[in-house]
Every structure is written in structure tokens, then in C-alpha cells.
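[1] one predicted model, sequence on top.
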Amino acid sequence: MLKLVENISLDILSWYGDKLKGIIYEPNYNVILVVLEDVDKISLFARGEIYNFFYNRLIKLDEFKKFVVENHKSPRLYGIIVSPKELSYNIPKLIYIIHKGYILYDPKGLISNIRKANVKIVEDYDKKILDLGKVKKGEVIEI
């Protein structure tokens, strides 16, 4: 699976170059989080089509075919494309991916700076809880 993640990441990097701001891989959900400039005005459907373009290019590689032969199924490798601005919205799923995933590409430290935020991920039974900080009674915070 890691070879497939490497191939799709390198393909995205070579295609977008400087517009690519970061790539994170989270193995529990098999998600690749791609941070691209200027995608905040593109619909989520179109972003999915962008990711599918790279996934379809991955299907043509020998490593993909070898994975299918060995595991008797296609790899479930999901992709989320966001802009750097959208990372600041503190979307819980994105926060989890950023804190638990592996940073594959982060040239300007954008993802590393978000990761330094004081966030704890607590696992209670089978659920994961994001502790975004201590809130005083009556205090309003932006999530």
C-alpha cells in the first residue's frame, strides 16, 4: 500500500509543482490529504474528479496490478483535496488526519505549524474525541 501512496503522491507533486502545499497520509482510514492552492472556489465534486484523475493513472501501474493480484481486491485509497485556507477551519476529520497522519510533503511547514497546535486526541471506548483546548465557563470559541 505504501508504494501506491508514494506513486500517487509523486504524480500529484510532479503535476502541480509549486501549487502543492502539502500531502499527508493517514493509514487507519487510508486517506491522502492533499493541500492545493486555489481550490477553495472549486466544488467538492470537482475536487473528487481531480483525485480520481490521479487514482486512474495509478491503476495503470504495475504496482497497482500486483496489489490487486496479492490481495484479491483494489486498494481503498481515499483522497481529500483542500486549500491552505480551509485547513484553518478546524474541521474535526481534517484535524485528526493532520495529527495522526504521516506528513509526506510539507515544503513551507504549513502542516507542521497546524500540528503544533495544542490538540489532544483521546480514545474513549471505540470513539475518538478531539480536545481542542480548555474552555472557561461561558467562553465562546471558534471551532
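    The structure has been received and is ready for your questions. Residues are numbered from 1 along each chain as shown.

[2] okay, CA-based contacts and neighbour counts for the rest of this
    Will do.

[3] now do the buried residues in the helix or strand residue 104 falls within.
    Applying DSSP states H and E as the criterion places residue 104 in strand 102-105. Neighbour-count burial for strand 102-105, with 16 or more other C-alpha atoms under 10 Å as criterion, is recorded at 103, 104, 105.

[4] any chance of these in TSV, with distance to residue 53 and pLDDT too?
    Listed next are the buried residues of strand 102-105 as TSV, based on distance: C-alpha to C-alpha, whole Å; pLDDT from 0 to 100:
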residue	distance to residue 53	pLDDT
103	22	89
104	20	87
105	20	87
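
[5] nearest to residue 18 among the residues you listed?
    Checking the buried residues of strand 102-105 against residue 18 with C-alpha to C-alpha, the nearest one is residue 105 at 11.6 Å.

[6] how close does that closest one get to residue 87?
    15 Å (C-alpha to C-alpha, to the nearest Å).

[7] same deal with residue 66?
    35 Å.

[8] more neighbours: which of the two?
    Set residue 66 next to residue 87 and count neighbours by other C-alpha atoms under 10 Å: residue 87 wins out with 16 against 11.

[9] using the three-state scheme, assign the closest residue to that one other than its chain neighbours.
    Leaving out its chain neighbours, the residue that sits closest to residue 87 by C-alpha to C-alpha, 6 or more residues apart in numbering is residue 94, at 7.3 Å. The local conformation at residue 94, judged by DSSP: H, G, I helix; E, B strand; the rest coil, is helix.

[10] next, count neighbours for residue 8.
    Here the neighbour count serves as a burial measure; for residue 8 (other C-alpha under 10 Å) it reads 21.

[11] so where is this structure shaky, pLDDT-wise?
    Within the chain, the stretches falling below the threshold (pLDDT under 70) are 116-143.

[12] helix/strand/coil for the most centrally placed residue in it?
    The residue lying closest to the centre of the chain (C-alpha atoms, centre = their mean) is residue 33, at 1.5 Å. When the structure is split into helix, strand and coil by three-state DSSP, residue 33 lands in strand.
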